[in-house]
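**Q** return a 3D structure for these sequence lines:
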Amino acid sequence: MKKWVFLFVLFLLLAREVSQYKSEGDFQIIDEEQGLRALQESVTLDMAKDQVYQGNLLLVNKEHPVLKEGIKSDVVNLFQHEELVDGYSLLDERIRLSKDVAQKFLKMVQAAEKDNVRHFLISSGYRDEGEQSQLYQEKGSAYALPAGYSEHNLGLSLDIGSTLSSMNEAPEGKWLQKNAWKYGFILRYPADKKDITGIEYEPWHFRYVGLPHSMIMQKKDFTLEEYLTYIKEKKKIGETIAGVVYEVSYYPVSSKKTVEVQGNEYEISGDNMGGVIVTAFSDEYASDRQDK
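**A** Numbers count the residues shown, from 1 in each chain. Below is the predicted model of the structure:
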């Protein structure tokens, strides 16, 4: 009986440690090949061509516009959802964002508060074509994109500020550059990547892509453009983060009608360029991840 009690207590301690790992975003990175071997279950997926234009990994820029399929269906007015605005401010009452992304942002803000960083402000979120067109006319091509060619037209991107100072200097900006990847966000337009993104440095513009993508991009110093090229070249990559095993696979839709996916949970995203990325993941906490 004593042995059983000891094992039960040990199990509880380990479970608490894993829970803390997940909630704080203090991720452990394990070898890619080890991650690939850990996925056992498999499922066959049908690949529809319109999937190319849907998902969290869509590339949107001057060459690749947003199609209607790519706009998030859960865009909400944040001012009308008090439960989503807790611990940060809104610039005005018109700001909209994907509800799912807003929930992820809320978790990130709550984590930052534990580090005494608590002066976040959302100054912009989802924009329709009319709003984007007006901004383009005001800001010009160096700091804005034409209507239909901006990430803000997706509902996945937001401009984050600080009520203390500019994001270049504010604790909020520094915290995000170090920690945003843990919650699935990336700094979309870094200072040294204008030749790749085509956009000047924007320390306020963050984009949700989800794990493990944000972690790999942080680890390899990739922009979204570079990451999508990397996946396309590698075809299959793997990572293990806090006990969650991920396998990321690229498929050109024109050459595949069905694909075999390893793992008991998965997400699908197009790249907006003719390919689809399937992210399979497997662990007992898989239900806490994004919806399929």
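**Q** tally of neighbours for the residue nearest to residue 159 when sequence neighbours are not counted?
**A** Nearest residue to residue 159 in three dimensions, chain neighbours excluded: residue 124, at 4.0 Å (CB to CB, 6 or more residues apart in numbering). C-beta here means a position set from N, CA and C on the backbone, and glycine is covered the same way. Neighbour count for residue 124, taken as other CB atoms under 10 Å: 21.
**Q** cool, and the one 5 residues further on?
**A** Per other CB under 10 Å, the neighbour tally for residue 129 reads 14.
**Q** now do the one 5 residues further on
**A** Each residue near residue 134 was counted by other CB under 10 Å, and the total is 13.
**Q** A helix includes it, no?
**A** Yes: assessed with DSSP: H, G, I helix; E, B strand; the rest coil, residue 134 lies in a helix.
**Q** re the thing from before, tell me the pLDDT of the residue nearest to residue 159.
**A** Residue 124 carries a pLDDT score of 95 in this model.
**Q** list phi and psi for residue 90.
**A** Backbone torsions of residue 90, given as degrees, to the nearest 10, read phi -110, psi 140.
**Q** residue contacts, it?
**A** Residues near residue 90 by CB atoms under 8 Å, 6 or more residues apart in numbering: 78, 79, 121, 122.
**Q** separation between the first one and residue 155?
**A** Taking CB to CB, to the nearest Å as the measure, residue 78 and residue 155 are separated by 12 Å.
**Q** re earlier: the residue nearest to residue 159 reaches residue 96, doesn't it?
**A** No: using CB atoms under 8 Å, residue 124 makes no contact with residue 96, being 9.5 Å away.
**Q** returning to what we had before: shared neighbours of residue 78 and residue 155, anything?
**A** Contact criterion CB under 8 Å, 6+ apart; residues shared by residue 78 and residue 155: 96, 97, 125.
**Q** inside strands: which ones of these?
**A** 96, 97 (DSSP state E).
**Q** please name the residues that touch the spatially closest residue to residue 272 that is not a sequence neighbour.
**A** Among residues not flanking residue 272 along the chain, residue 58 sits closest, at 4.3 Å (CB to CB, 6+ apart). Going by CB under 8 Å, 6+ apart, residue 58 touches 64, 66, 70, 154, 156, 269, 270, 271, 272.
**Q** and stretch 159-175, how far apart are its ends?
**A** 15 Å (CA to CA, to the nearest Å).
**Q** please begin residue numbering at 155 from this point
**A** Yes, from this point I'll number from 155; that puts the last item at stretch 313-329.
**Q** report how many residues lie close to the nearest residue in space to residue 411 that is not next to it in sequence.
**A** Spatial nearest neighbour of residue 411, excluding adjacent residues (CB to CB, 6+ apart): residue 201 at 6.0 Å. Neighbour count of residue 201, defined by other CB under 10 Å: 19.
**Q** what about the residue lying closest to residue 228 once chain neighbours are set aside, distance to residue 259?
**A** Nearest residue to residue 228, sequence neighbours excluded (CB to CB, 6+ apart): residue 253, at 4.3 Å. For residue 253, the distance to residue 259 equals 11 Å [CB to CB].
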